[in-house]
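Peer 1: From the sequence below, what's the structure:
(one chain, ligands or ions: 1)
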Amino acid sequence: MRLCRSGIVRRPILREDSLDIPKYALDILVCPVCKTKVELLADESGLKCVSCRRVYPIRDEIPVMLPEEATIAEENRSK
Ligand SMILES: [Zn+2]
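Peer 2: Modelled structure (predicted):
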């Protein structure tokens, strides 16, 4: 029998102390529309789906993972 513990990876602490969303929470949060993982915005104002570009707002440090609350990010700087 072998126990796989490769899932535990130490990562450098970024600046996540300012927001009450731990890294593991981001790993399990997915876009409810396309089930793709979301990423924290640089200004920590929301969570953005990497696939459909919906941005879910963070209110009182709680991500609102509702499609009707999401906005679509404009990617004008793709080029
Ligand atoms: Zn999505």
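Peer 1: And the next helix or strand past the helix or strand bottoming out on mean pLDDT in the chain?
Peer 2: The least trusted helix or strand in the chain, going by mean pLDDT, DSSP states H and E, turns out to be helix 23-28, with a mean of 76. Once helix 23-28 ends, the next helix or strand along the chain (criterion: DSSP states H and E) is strand 38-40.
Peer 1: now that next one: mean pLDDT?
Peer 2: Strand 38-40 shows an average pLDDT of 92 in the prediction.
Peer 1: any idea which strand is longest in the protein?
Peer 2: strand 54-59 (DSSP state E).
Peer 1: Now do that strand: which elements does it pack against?
Peer 2: If you count contacts as 3 or more C-beta pairs under 8 Å, 6 or more residues apart in numbering; DSSP states H and E, strand 54-59 packs onto strand 46-49, strand 71-72. Using the backbone N, CA and C atoms, a C-beta is placed for each residue, glycine as well.
Peer 1: where are the low-confidence patches of the chain?
Peer 2: 1-20, 76-79 (pLDDT under 70).
Peer 1: tell me which parts of it are close to the ion?
Peer 2: 31, 33-34, 36, 49, 51-52 (C-beta under 5 Å from the ion).
Peer 1: Make a PyMOL selection of the buried ones in these.
Peer 2: Buried members of those, defined by 16 or more other C-beta atoms under 10 Å, are picked up in PyMOL with:
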select buried, resi 31+49
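Peer 1: export the residues of the chain next to the ion to CSV and tack on distance to residue 60?
Peer 2: Converted to CSV, the residues of the chain next to the ion look like this (distance: C-beta to C-beta, whole Å):
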residue, distance to residue 60
31, 21
33, 23
34, 26
36, 25
49, 21
51, 26
52, 25
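Peer 1: buried residues in the least confident helix or strand of the chain?
Peer 2: For helix 23-28, by 16+ other C-beta under 10 Å, it's residue 26.
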